[in-house]
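no FASTA, just this:
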């Protein structure tokens, strides 16, 4: 029996290699057809990150701080230094400038390696927590559910690094579903979330709406204040190379917020309403899967809240007290991300929100289970609930 259990366990773990293998095939294919980084749009912002990584190698302050992207530049500096061990900075600069494409390829492979390691870890750890193969694979497969993360696989820019960061972020949310936040573990969750959020914000500031999720789910004002303070400390730590130019960075962020066009350009009227609503419609038309998930979430939240008001009952105390709170917080974060992207339109800015789809699908399945329970106990029968119950039965297979 022990041998059978071991074999079954190995088979289950082998399943968590399927998505990384498929990602690898896509990475190799896209890398082979993209052409050199100096060609057209391939160079922006790739070459900017390469040159600013060189500035860190030389112990100089990066000039490019728009994202701010400091974590990516530090990673690039590490890759360049490791591939030139024993050489002084002057020689390293000469070698990189003589063959920049080689180092950008190193950079690209390094980013993809991080993604693969994180994706495998997410699958293994999620299964360790829940013993649910389907949920674990759903968390893993998120980078393949939209064209935007796929198109980032070969790019050398912050959005690529945000993919594994967001995977880890959703893994923490997933962990709280099985090991809820309480007095004994709340400090651990606050610290982990703060470190990850600080790192993500230094990678790209458009991750900011995701902070809504831990802020709404962590109980107590005191703990929320701790999360904010620790996140600020984390941000300062990871962005330490650009501390001397903080005024320029925060001026740039202010211009982003106060001007209607991308990169802080356009009129100083915060938002251009004509393009804003057109962009939002374009987002929902293009990201169909995300749009469907948002509609389903809205229906579930409304259904549960209406039934509570009408009947003055709770479908399930644990579900209402925490799972619904998580669902609402993710919903608000996604809507906030869509609003921000509609103001400054570019589809790859949606990556943090797109990476939440997996955890949302899991919570939707859990929600349909609660709705099925409610419908049976209260003799409610309609097509929507029957369909939800059918999905839940399939999910258990």
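Cool, got the structure. Computed from a predicted structure; not experimentally measured.

going forward, measure contacts between C-alpha atoms and count neighbours the same way
OK.

Low-confidence ranges, the stretch 151-300 of the chain, go.
Regions of the stretch 151-300 of the chain meeting the criterion pLDDT under 70 cover residues 259-268.

cutoff 90 now
177-186, 219-220, 250-279, 286-300 (pLDDT under 90).

any idea where the helices of it begin and end?
Secondary structure of the stretch 151-300 of the chain by DSSP state H, counting those that start in this stretch: the helices cover 158-178, 186-203, 212-217, 221-238, 246-258, 273-286, 288-311.

Just send these back as TSV, with distance to residue 55 too.
TSV is the format used below for the helices of the stretch 151-300 of the chain (distance: least, CA to CA, whole Å):
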stretch	distance to residue 55
helix 158-178	17
helix 186-203	17
helix 212-217	34
helix 221-238	16
helix 246-258	17
helix 273-286	37
helix 288-311	39
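
Include distance to residue 13 and mean neighbour count when you put those helices into CSV, please.
Formatted as CSV, the helices of the stretch 151-300 of the chain follow (distance: least, CA to CA, whole Å; neighbours: other CA atoms under 10 Å):
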stretch, distance to residue 13, mean neighbour count
helix 158-178, 17, 22
helix 186-203, 26, 21
helix 212-217, 30, 20
helix 221-238, 34, 17
helix 246-258, 44, 16
helix 273-286, 34, 15
helix 288-311, 28, 14
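
how about those helices, which one is nearest residue 341?
Among the helices of the stretch 151-300 of the chain, helix 273-286 comes nearest to residue 341, with 8.1 Å by CA to CA.

So what's the gap between that closest one and the chain middle?
22 Å (CA atoms, centre = their mean, to the nearest Å).

Count residues in the vicinity of residue 34, would you?
For residue 34, the neighbour count with other CA atoms under 10 Å is 12.

so who does it touch?
residue 42 (CA atoms under 8 Å, 6 or more residues apart in numbering).

Quick one: list the elements packing against whichever strand or helix holds residue 338.
Secondary structure assignment for residue 338, by DSSP states H and E: helix 324-343. Contacts defined by 3 or more CA pairs under 8 Å, 6 or more residues apart in numbering; DSSP states H and E place helix 324-343 against helix 212-217, helix 273-286, helix 288-311, helix 351-354, helix 357-378.

let's see 6 Å
If contacts are counted by 3 or more CA pairs under 6 Å, 6 or more residues apart in numbering; DSSP states H and E, helix 324-343 sits against helix 212-217, helix 273-286.

mind listing what's buried in it?
324-334, 336-343 (16 or more other CA atoms under 10 Å).

That helix vs helix 246-258, what angle?
90 degrees (axes from the mean of the first three to the mean of the last three CA atoms, to 10 degrees).

Contacts for helix 324-343, please.
209, 210, 212, 213, 276, 279, 280, 353 (CA atoms under 6 Å, 6 or more residues apart in numbering).

Quick one: mean pLDDT for it?
Helix 324-343 shows an average pLDDT of 90 in the prediction.

tell me the angle that helix makes with helix 288-311.
Following the same axes, to 10 degrees, one obtains 140 degrees for the angle between helix 324-343 and helix 288-311.

And helix 324-343, how far out from the chain middle?
Worked out by CA atoms, centre = their mean, helix 324-343 lies 13 Å from the chain centre.

next one: stretch 63-70
The chain centroid and the centroid of stretch 63-70 are separated by 19 Å under CA atoms, centre = their mean.
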